[in-house]
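> Provided below are the primary sequence and the corresponding predicted coordinates.
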Amino acid sequence: MKILITGIPCSGKTYFAKKLSKKTGIKYFEEKDFITDKNSKISKDKVKDVDLNKFAKVLNKELPKDFILAGLLSPYCLSKYKFDFDLIFVLKPAINTLKKRLKDRKYSDLKITENLFVQEENLIIRAIAKELKNNKKPLILPLNEETIKKLIE
């Protein structure tokens, strides 16, 4: 079983991945653990830019047969993976909840606005659809807090 849990920052990816891993016995990984100096660089804006081709190569090589992967890069490089996901969960918490979490983590007003826009316009789901044009179609499930709680109970 190959499961992707994605969503914008502060949507609960790690929390859900840990709970799902415990419930299913499938090991979970975070994308950030696969970002290295070889597949990323710091931009002039002091943001870490990840080369998605190199990133996908690392995941193709290092992930086991069954896994849960949490992160926000995979929707943009699904076509580069040598494996297909069976399930993709797109976490979509309520806007007010998300805004509070982003503020609590000291995101700038601009970054908060950008992230809320990405969620409201379903840009992650659109990226997934674009990347999966020629691949096996996984089950894609948008989840809110209530649905997440029901799944992990």
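Received, thanks.
> Show me the shaky parts of the chain.
Applying pLDDT under 70 to the chain flags the ranges 43-48, 134-137.
> 80 instead?
Applying pLDDT under 80 to the chain flags residues 37, 40-48, 133-143, 145, 149, 151-153.
> Helices along that one, start to end?
In the chain, the helices defined using DSSP state H lie at 13-24, 52-62, 95-104, 109-120, 123-131, 145-152.
> To residue 80, which of those lies closest?
helix 52-62 (3.5 Å; Cβ to Cβ). (C-beta placed from N, C-alpha, C; glycine too.)
> Please point out which parts of the closest one sit buried.
55, 56, 57, 58, 59 (16 or more other Cβ atoms under 10 Å).
> Please list all residues in contact with residue 7.
13, 72, 90, 91, 92, 93, 119, 124 (Cβ atoms under 8 Å, 6 or more residues apart in numbering).
> Could you rerun that using 6 Å?
Neighbour list for residue 7: 13, 90, 91 [criterion: Cβ atoms under 6 Å, 6 or more residues apart in numbering].
> I figured the first one hits residue 5, correct?
Yes: using Cβ atoms under 6 Å, residue 13 is in contact with residue 5, at 5.0 Å.
> higher neighbour count, these two?
With neighbours defined as other Cβ atoms under 10 Å, residue 13 and residue 5 compare such that residue 5 has more, 29 against 24.
> who does the more buried one bridge with?
residue 70, residue 89 (DSSP bridges).
> you'd agree it is up against residue 69?
No: applying Cβ under 6 Å, one finds residue 5 not in contact with residue 69, separated by 7.1 Å.
> what's the closest of the helices of the chain to residue 30?
Nearest of these (Cβ to Cβ): helix 13-24, 6.4 Å.
> Can you give me the buried ones in that closest one?
Applying 16+ other Cβ under 10 Å to helix 13-24 flags 13, 16, 17, 18, 19, 20, 21 as buried.
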